[in-house]
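In: Have a look at this prediction, sequence included:
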Amino acid sequence: MPASAPIPASRADLQRRLPPIIAGLSILGPFAIDTYLPAFGSIARDLDATPLQVQQTLTAFIVPFALMALWHGALSDALGRRRVVLVGLVAFAVASLGAATAGSIEALWAWRGVQGAVAGVGMTVGRAVVRDVADGPQAQRMLSQATMFFAIAPAVAPIVGGWIDALAGWRSVFGFLAAVSLAMTLFCWRYLPETLPPEQRVSMRPGPMARAYASLATNPAFLRLAGVLALNFGGFFVYVLAAPAFLPGVLGLAPTAFAWLFVPAVAGTMTGAFLSSRLAGRLSPVRTIVAGYALMSLSVLGNVAQALLMEPVRVPWATLALFPYNVGMGLAMAPLQVMLLDTFPERRGMAASGMAFTLSAGNAVIAGLVAPLLWHSAAAMAGGALACVAGAMILFAWHVRSPSFRPLPTTP
């Protein structure tokens, strides 16, 4: 078996082939979080755990996800993209099998921690792969196309997980995750080329590595853009992490009715990513992002209004605002990611790691602290999303007005 997949003959061929590969790599994170959400009740009964203890399996996943995200991209800068991806996929499969055989809630916490430590490899390294082979508008198109592919995961995962739990039990959900990871391992072994030649790799010596991390952690442009992305995502992800309590407790839905939440959100993300791909090279990245914020602002304001005026809150109105919100988020996501990766052109893997860490750290805060405070009320959930959008808009306005801001090119 070859040590690496054949490298396509041209850069253009790579740009056509990579989006579905990157999308496939990116689904592990959403699948690891969303697939087992409908099984919370089954896990609690089988392991004799409280709802809060089961909820903390999300935190047990997200905290190591965030911490190890700092290393995935940096390792790929030094060792190559392909090798790091393949090792991460195999480790995720092993951890999923461990979770499937857990005999206590403490053991499940431990295996979820191992899952979290490696689940972000594909998502983080995949972004660096895109910037290895594409620039400017073409990179925006590729990231948007990848988003269209993998955005379906948050909608499909809880529905699939709910039916697997109902038919075969919660342990089979983790068996399913192991199978998905092994399938992706084989797919990447065959089709993912190495996009970072040895001569472009960087040293892993402690001194240079420490200086690079220090530069990343103190770079104002990087910090602003990472914060913007984290807040954008947080306005939607608060609904994902609160779903096991919010959907049945506030909206009166069954555990298999997660589609009411995820379908409008995923349809919105796919629509926004499609529009972003079409607008790349035609509308400037800044204008594309501003258009996204216009949609997100209208969405959260309308959601707050309906939550305050409608009693009791019921579907479809309680989740309808997620569609325009995620259209706006999908529209802004790719140009924001390209801007952030370009803050460190020599260490794009590390920049991708920093971005993943910021997103994951925000998600950990939401899972452990914010979601439990808000999931009792539709108005509180809508207010949380409004606060995220307001904070993101302030940070982005600060970024574009800073003296160091350099707009991305509009033309390829």
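Out: Thanks, I have the structure now.
In: correct me, but residue 341 touches residue 128?
Out: Yes - contact status for residue 341 versus residue 128: in contact at 7.4 Å, counting by Cβ atoms under 8 Å. Using the backbone N, CA and C atoms, a C-beta is placed for each residue, glycine as well.
In: okay, and the common contacts of those two?
Out: Common neighbours of residue 341 and residue 128 (criterion: Cβ atoms under 8 Å, 6 or more residues apart in numbering): 348, 351, 352.
In: If we only consider those, which is nearest to residue 322?
Out: Of all the shared contacts of residue 341 and residue 128, residue 352 has the smallest distance to residue 322: 26.5 Å, by Cβ to Cβ.
In: what's near enough to touch the closest one?
Out: 72, 73, 124, 125, 127, 128, 341.
In: Name the nearest of those relative to residue 281.
Out: Distances from residue 281 to the contacts of residue 352, taken by Cβ to Cβ, are shortest for residue 341, at 17.7 Å.
In: That closest one - how many residues pack around it?
Out: Other residues near residue 341 come to 25 when the count uses other Cβ atoms under 10 Å.
In: How much space separates it from residue 317?
Out: Applying Cβ to Cβ, to the nearest Å, the value for residue 341 to residue 317 is 38 Å.
In: Residue 15 too?
Out: Residue 15 is 41 Å from residue 317, by Cβ to Cβ.
In: cool, residue 34 as well?
Out: Counting by Cβ to Cβ, the gap from residue 34 to residue 317 is 23 Å.
In: Who has more neighbours out of the two?
Out: residue 34 (24 against 15).
In: Pull the contacting residues for the nearest residue to the more buried one once chain neighbours are set aside.
Out: Spatially, and ignoring its direct neighbours in sequence, residue 34 is nearest to residue 157 (3.8 Å; Cβ to Cβ, 6 or more residues apart in numbering). Residue 157 is in contact with 30, 31, 33, 34, 35, 262, counting by Cβ under 8 Å, 6+ apart.
In: so which helix or strand takes in the third one?
Out: Following DSSP states H and E, the helix or strand that holds residue 33 is helix 28-34.
In: and after that helix, which helix or strand comes next?
Out: helix 40-47.
In: how big is the angle separating the next helix-or-strand element following that following helix from helix 40-47?
Out: Sequence order places helix 51-79 as the next helix or strand after helix 40-47, per DSSP H and E. Compare the direction of helix 51-79 with that of helix 40-47 by axes from the mean of the first three to the mean of the last three Cα atoms, to 10 degrees and you get 100 degrees.
In: which parts of whichever helix or strand comes after helix 51-79 are buried?
Out: Next in sequence after helix 51-79, counting helices and strands by DSSP H and E, comes helix 81-100. Judged by neighbour count using 16 or more other Cβ atoms under 10 Å, the buried positions of helix 81-100 are 81-82, 84-86, 88-89, 91-93, 95-100.
In: Helix 81-100 - contacts with which helices or strands?
Out: The contact analysis (3 or more Cβ pairs under 8 Å, 6 or more residues apart in numbering; DSSP states H and E) places helix 81-100 against helix 28-34, helix 51-79, helix 105-119, helix 121-133, helix 170-191.
In: just to revisit the earlier point, a markdown table please, covering the contacts of residue 157 and showing distance to residue 289.
Out: Below are the contacts of residue 157 laid out as a markdown table (distance: Cβ to Cβ, whole Å):
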| residue | distance to residue 289 |
| --- | --- |
| 30 | 23 |
| 31 | 28 |
| 33 | 26 |
| 34 | 26 |
| 35 | 31 |
| 262 | 25 |
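In: Touching the helix or strand encompassing residue 141 from outside, list them.
Out: Using DSSP H and E, residue 141 sits within helix 136-150. Helix 136-150 is contacted from outside by 15, 18-20, 22-24, 26-27, 30, 126-127, 130-131, 134, 269-270, 273-274, 276-277, 280-281, 285, 330, 333-335, 337-338, 341, 408-412, using Cβ under 8 Å, 6+ apart.
In: Filter those residues down to the buried ones, ChimeraX style.
Out: Listed next is the ChimeraX selection for buried residues among the contacts of helix 136-150, using 16+ other Cβ under 10 Å:
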select :15,18,19,20,22,23,24,26,27,30,126,127,130,131,134,269,270,273,274,276,277,280,281,285,330,333,334,335,337,338,341,408,410
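In: Check whether residue 203 sits in a helix, strand or coil.
Out: What DSSP: H, G, I helix; E, B strand; the rest coil gives for residue 203 is coil.
In: Give me the distance between the residue lying closest to it once chain neighbours are set aside and residue 104.
Out: The shortest distance from residue 203 to any non-neighbouring residue, by Cβ to Cβ, 6+ apart, is to residue 78 (6.8 Å). Distance from residue 78 to residue 104, counting by Cβ to Cβ: 38 Å.
In: Who has more neighbours out of the two?
Out: Higher neighbour count among residue 78 and residue 104: residue 78, with 18 against 11, using other Cβ under 10 Å.
In: The more buried one and residue 200 touch, don't they?
Out: No - the criterion here is Cβ under 8 Å, and residue 78 misses it with residue 200 at 10.7 Å.
In: list the contacts for residue 204?
Out: 74, 75, 78, 79.
In: and if we set it to 7 Å?
Out: If a contact means Cβ atoms under 7 Å, 6 or more residues apart in numbering, then residue 204 has residue 78 as its contacts.
In: which sections of the stretch 301-412 of the chain are below the confidence cut-off?
Out: By pLDDT under 70, the weakly predicted segments of the stretch 301-412 of the chain are 407-412.
In: can you pull out the helices in it?
Out: With DSSP state H, counting those that start in this stretch as the criterion, the stretch 301-412 of the chain has helices at 317-320, 322-341, 348-365, 371-374, 378-400.
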